[in-house]
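> take a look and give me a structure for this.
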Amino acid sequence: MNLKYLTDKALLQDTKHLAQEYRSITTSLIVHLREINTRRLFTELGYTSLFCYIVQELHFSEASASRRITAMKLLQEIPEIESKLESGELTLTNLGKAANTFKQEGITDTGFKKEILASIENTSSKTCEKTLEDVIGPASLSIQPTERMYSLHLEFCEATYNKFEQIRYLMAHKKRSREEIFNSIFDMAIEELTSKKFKTKSKQITSSSNPRYITANIKKAVYLRDKICQKCGSKNALEFDHIKPFALGGKSTEENLRMLCRNCNQRQRITSRL
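Got it, this is the predicted structure:
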């Protein structure tokens, strides 16, 4: 693109117009992402989440995807910020910093959030951080880990803490770190919850007069056969789905059941109503 032919005035006017157009397109994109998320449309393309869709299908960076999802969630809660985002009074970066602070500090009051957002309008990233720190308190607003590590702050009552200590004592001979202890606890919890939800250890053959009822042995067989969502491959929030809908005469049999994640199952219900 050769811009040398433009006059100084035209170049400045075009740049200003493009900046406004960019903000307008960015806002429109976020509104579209909100609707895609509502319809769970990303599952149609085999993605397990909106984040994966934005990164892999739309080719945004992970940081850009996170900023847009953050803005989308705030837009759902506070629709008034749509015009602020389009005008440039609020930036994606500052919205992200504010949203992270709301989450870290446990702020849920929408009115207070509006006041905070108003205080960071038309401010730089650094000024935004300072404002949030002054009004709310210090928070890790801009630290990006060099490797994928996660911080989890836990506060236990005495009874829960004593249970953790008891588990730690039982594992003391293996000289495990706290992370390794939690990892073992999570493994045992996963096994127990999987067994309860999908009857993987059940040997009973139960029955019911309710035709929609799924017996323990069928649950076990379907889960062990599929183990992942049969549409997108996710393991998150798996549910039993009737391939031929129950309302249309579908039976609760092993052949007519499959595992779908909650997103795909919701999408399935949406498309069946269209």
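> can you verify my assumption that residue 121 contacts residue 91?
No. Between residue 121 and residue 91 there is no contact under C-beta atoms under 8 Å: 9.5 Å. Any C-beta I mention is one placed from the backbone N, CA and C, and that applies to glycine too.
> between those two, which one's more packed in?
residue 91 (22 against 15; other C-beta atoms under 10 Å).
> give the buried residues for the strand or helix carrying residue 163.
For residue 163, the host element (DSSP states H and E) is helix 158-170. By neighbour count on 16 or more other C-beta atoms under 10 Å, the buried set for helix 158-170 is empty.
> tabulate the CA atom coordinates of that helix in PDB.
The C-alpha trace of helix 158-170 is given here as PDB (Å, rounded to 0.1, in the frame of the first residue of the first chain):
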ATOM      1  CA  GLU A 158     -10.200 -26.200  61.100                       C
ATOM      2  CA  ALA A 159     -12.100 -29.400  60.400                       C
ATOM      3  CA  THR A 160     -11.200 -29.400  56.700                       C
ATOM      4  CA  TYR A 161      -7.600 -28.500  57.400                       C
ATOM      5  CA  ASN A 162      -7.400 -31.400  59.900                       C
ATOM      6  CA  LYS A 163      -8.600 -33.800  57.200                       C
ATOM      7  CA  PHE A 164      -5.800 -32.500  54.900                       C
ATOM      8  CA  GLU A 165      -3.200 -33.000  57.600                       C
ATOM      9  CA  GLN A 166      -4.500 -36.500  58.200                       C
ATOM     10  CA  ILE A 167      -4.000 -37.300  54.500                       C
ATOM     11  CA  ARG A 168      -0.600 -35.700  54.600                       C
ATOM     12  CA  TYR A 169       0.400 -37.900  57.500                       C
ATOM     13  CA  LEU A 170      -0.800 -41.000  55.700                       C
END
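> how about residues contacting that helix?
With contacts defined as C-beta atoms under 8 Å, 6 or more residues apart in numbering, helix 158-170 is touched by 156, 178, 181, 185.
> among those residues, name the ones in helices.
Using DSSP state H, 178, 181, 185 are the members of those that sit in helices.
> where in the stretch 151-274 of the chain is pLDDT low?
Scanning the stretch 151-274 of the chain with the threshold set as pLDDT under 70 gives 151, 172-175, 202-209, 274.
> tell me what the closest residue to residue 260 other than its chain neighbours is bridged to.
What sits nearest to residue 260 in space, not counting adjacent residues and going by C-beta to C-beta, 6 or more residues apart in numbering, is residue 241, at 4.3 Å. Beta-bridge partners for residue 241, by DSSP bridges, are residue 258.
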